[in-house]
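Student: The sequence isn't on hand, but the structure is:
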């Protein structure tokens, strides 16, 4: 049953990642990486396929090899994160969310900013 859940989550994350290619506010990289993690726990051949695709393979390799991610991916991820958190806080209007979500957002922001920044010329900052 666990494998089925991870496979479904992996497919869902991959679909969101695909949408992120054409929609500017939806980040691709985090969802593709999460998809790979889910497939690694459920379906090895899907994980191998995902890693070999020319579109998504480099996202996973760059993250795992600590090569870094492009600055535009960092910016897009952080904008999506904070817009989503702010929207959730406003729409749900729960006191605990005003405390919990900014803390989560801050932790994720620190993690994203600590990942090396990769530039087209191959230099990592």
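Tutor: Perfect, I can see it now. Just so you know, these numbers come straight off a predicted model, no measurement behind them.

Student: what is the rounded mean pLDDT of stretch 61-72?
Tutor: Across stretch 61-72, the average pLDDT comes to 79.

Student: What residues sit buried inside that stretch?
Tutor: When burial is assessed from 16 or more other C-beta atoms under 10 Å, stretch 61-72 yields the following buried residues: 62-63, 68-69. Where C-beta positions appear, they are placed from N, C-alpha and C, glycine not excepted.

Student: Among those residues, name the ones in strands.
Tutor: residue 69 (DSSP state E).

Student: Most remote residue from the middle of this protein, which is it?
Tutor: Relative to the mean C-alpha coordinate of the chain, counting by C-alpha atoms, centre = their mean, the farthest residue is residue 95 (27.2 Å).

Student: ok, now how distant is that residue from residue 51?
Tutor: Shown here: residue 95 relative to residue 51, a distance of 43 Å by C-beta to C-beta, to the nearest Å.

Student: Same check on residue 37?
Tutor: To residue 51, residue 37 is 12 Å away according to C-beta to C-beta.

Student: Return the distance of the one helix or strand residue 3 maps to from the chain's centre.
Tutor: In the assignment (DSSP states H and E), residue 3 maps to helix 2-22. Distance of helix 2-22 from its chain centroid, counting by C-alpha atoms, centre = their mean, to the nearest Å, is 11 Å.

Student: in the protein, which spans are helices?
Tutor: 2-22, 29-42, 44-52, 57-64, 71-92, 95-114 (DSSP state H).

Student: What is the last one packed up against?
Tutor: If contacts are counted by 3 or more C-beta pairs under 8 Å, 6 or more residues apart in numbering; DSSP states H and E, helix 95-114 sits against helix 71-92.

Student: The helix it packs on: which residues count as buried?
Tutor: By neighbour count with 16+ other C-beta under 10 Å, helix 71-92 contains the buried residues 73-74, 76-78, 80-81, 85, 89.
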